[in-house]
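Engineer: Just the structure for this:
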Amino acid sequence: MQGFQHTKLPDWLQDFLDSEIMDQATYQTIYDFIALDNFRYGEYEGNQYIIRKINQQHIQIEDEITTAHTGVPVVAVFEQKRLLVLLDRYGQQLN
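Structural biologist: Model prediction:
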C-alpha cells in the first residue's frame with residue numbers, strides 16, 4: 001500500500017511493508033508469525049526482507065538484498081507489540 005503514512009515511517013520500513021505485504025493472505029501469514037507466542041524463535045523469509053523472532057518480545061527485520069550488496073547489515077529490532085500495531089494499521093488499508 002503506497003502512502004501508508006499515519007505516522008512518518010522510515011523509508012526502509014515503508015519499503016518493507018510495501019514489498020512484503022502484497023495481499024491479505026501474506027499480511028495474515030506475517031502477522032500470525034509475529035503474533036503467535038508459540039513461535040519463540042524462527043525466521044520468515046520474504047521477497048527482500050527476513051523477519052526473525054529473537055524471542056517472544058523482540059522481532060528483527062533485515063533487508064537481505066541491501067545487506068548482500070553492501071556487506072553492511074541493514075537490521076532493525078522491534079518490540080513485538082509495536083510492530084503488530086504498525087502491521088495492523090497497514091493491514092486495514094488492504095480491505
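
Engineer: how close does Lys94 sit to Ile51?
Structural biologist: To be clear, residue 94 is Leu; Lys isn't right here. Distance, Leu94 to Ile51, by CB to CB, to the nearest Å: 18 Å. All C-beta atoms are positioned from the backbone trio N, CA, C, and that covers glycine.

Engineer: For burial, what's the neighbour tally of Gly91?
Structural biologist: Applying other CB atoms under 10 Å, we find 19 other residues in the vicinity of Gly91.

Engineer: Any regions of this structure where pLDDT drops low?
Structural biologist: Counting by pLDDT under 70, the chain contains low-confidence ranges at 1-9, 95.

Engineer: Kindly recompute the last result at 90.
Structural biologist: Along the chain, the parts satisfying pLDDT under 90 run over 1-14, 22, 37-41, 56, 66-68, 71-74, 89-95.

Engineer: follow-up on the earlier one: quick one: which of Leu94 and Ile51 has more around it?
Structural biologist: Ile51 (20 against 14).

Engineer: Looks to me like that one is in a strand.
Structural biologist: Yes - according to DSSP: H, G, I helix; E, B strand; the rest coil, Ile51 belongs to a strand.

Engineer: That one reaches Ile61, doesn't it?
Structural biologist: Yes - the pair Ile51 / Ile61 is scored as a contact, 5.6 Å apart, by CB atoms under 8 Å.

Engineer: Mind jotting down where the helices sit in the protein?
Structural biologist: With helices called from DSSP state H, the chain shows them at 11-20, 24-35, 64-70, 80-92.

Engineer: Name the stretch from the ones you listed that approaches Gly46 most closely.
Structural biologist: helix 11-20 (4.2 Å; CB to CB).

Engineer: Now do that closest one: which elements does it pack against?
Structural biologist: When contacts are defined as 3 or more CB pairs under 8 Å, 6 or more residues apart in numbering; DSSP states H and E, helix 11-20 packs onto strand 49-53, strand 58-63, helix 80-92.
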